[in-house]
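Undergrad: with the sequence up front, the predicted model follows.
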Amino acid sequence: MRSPGEVLYNFHWTVPGEIARSAQAYAGFLAPFLLQHGIKGMINLRGRKPGWRWWDYETRVCAKLGVPHRDIAFNSRRLPTRAILLDMLDAFDVTPRPLLVKCSGGQDRTSFAAALYLLHTRGSSALEDAKRQFARWPYLHLPKQQQRWLSAFVEYMEEQRHSESVREWIAKSYQPEFLKVWLEARGLANAFRGIHVERPAPPQRDDPQTT
């Protein structure tokens with residue numbers, strides 16, 4: 001039976017004792033939550049946001065517990081650059097385990113990250129498990145129109161990389177422009193908003209980021 005905290009934060013183990021996924025800890029109680037699950041490292045997919053209440057709280061708690069905290073700016077509506085994907089793979093490799101990957105709701109960006117982790121660490125044998133990371137239940141993945149590229153990326157990558165590892169394919173061959181063409185050819189031109197562009201950090205605010 002799942003604990004109230006697991007339900008509240010949409011917490012799930014992707015690989016028990018190795019990697020978990022969750023939503024933002026808006027309701028507080030992050031420290032006992034991390035301790036309860038033995039989390040040793042955190043990957044935040046919402047980017048570095050100093051001055052934002054949730055980010056300051058999260059990094060403060062992690063620092064107090066000695067839990068390494070890594071920020072990756074990943075937008076669920078924009079196709080990722082090669083640098084973003086390689087940064088994510090690097091984070092998977094160096095963050096102590098068990099690690100927690102989180103975004104705002106634990107539904108969309110974390111689905112992508114969990115699927116990428118499985119294919120990165122286990123290869124194509126984990127393809128079906130990777131696809132299941134995008135399930136409506138229990139992960140509540142209900143993508144909006146411009147988030148539909150997230151699950152399609154897995155099919156695209158597996159179609160394109162052949163015998164290469166995930167890292168080799170991304171480092172040598174992946175380009176968001178090619179993914180864009182592939183999506184458009186399959187009637188998914190409206191499944192994304194565009195290609196990710198680096199922007200300056202937004203001003204301080206306290207309400208949730210929804211991208």
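TA: Thanks, I have it. Numbers count the residues shown, from 1 in each chain.

Undergrad: what ranges does this protein have for its strands?
TA: 12-15, 19-22, 41-44, 69-71, 78-79, 99-102, 194-195 (DSSP state E).

Undergrad: ok, which of those strands comes nearest Asp108?
TA: strand 19-22 (10.9 Å; CB to CB). Any C-beta I mention is one placed from the backbone N, CA and C, and that applies to glycine too.

Undergrad: what ranges does the chain have for its helices?
TA: For the chain, the helices defined by DSSP state H cover 4-8, 30-37, 53-65, 82-94, 109-122, 127-132, 149-161, 166-172, 176-185.

Undergrad: tell me what the second one is packed against?
TA: Packed against helix 30-37, as judged by 3 or more CB pairs under 8 Å, 6 or more residues apart in numbering; DSSP states H and E, are the following elements: helix 53-65.

Undergrad: now do the buried residues in the helix it packs on.
TA: 54-55, 58-59, 61-62 (16 or more other CB atoms under 10 Å).

Undergrad: try stretch 173-191
TA: For stretch 173-191, the neighbour count (16+ other CB under 10 Å) marks 174, 176, 179-180, 182-183, 191 as buried.

Undergrad: what about this structure, any weak spots by pLDDT?
TA: Applying pLDDT under 70 to the chain flags the ranges 199-211.

Undergrad: let's see that with 90 instead.
TA: 1-5, 7-8, 26-28, 197-211 (pLDDT under 90).

Undergrad: tell me which residue lies farthest from the centre of it.
TA: Taking CA atoms, centre = their mean as the measure, the residue most remote from the mean C-alpha position of the chain is Ala185, 25.7 Å away.

Undergrad: now Thr110, nearest residue through space, not along the chain?
TA: Excluding the flanking residues, the one nearest Thr110 by CB to CB, 6 or more residues apart in numbering is Arg21, at 4.1 Å.

Undergrad: out of the buried residues of stretch 173-191, flag the one nearest to Tyr26.
TA: Nearest to Tyr26 among these: Ala191, at 28.2 Å, using CB to CB.

Undergrad: so that closest one sits against Ala152, correct?
TA: Yes. Using CB atoms under 8 Å, Ala191 is in contact with Ala152, at 6.6 Å.

Undergrad: okay, and the common contacts of the two?
TA: Residues within reach of Ala191 and of Ala152 at once, by CB atoms under 8 Å, 6 or more residues apart in numbering, are Leu183.

Undergrad: from Ser173, how far off is the residue farthest from the centre of the chain?
TA: Separation of Ala185 from Ser173 (CB to CB, to the nearest Å) stands at 17 Å.

Undergrad: and the contacts of stretch 169-187?
TA: Residues outside stretch 169-187 that contact it (CB under 8 Å, 6+ apart): 79-82, 85-86, 89, 149, 152-153, 156-157, 160-161, 164, 189, 191-192, 195-196.
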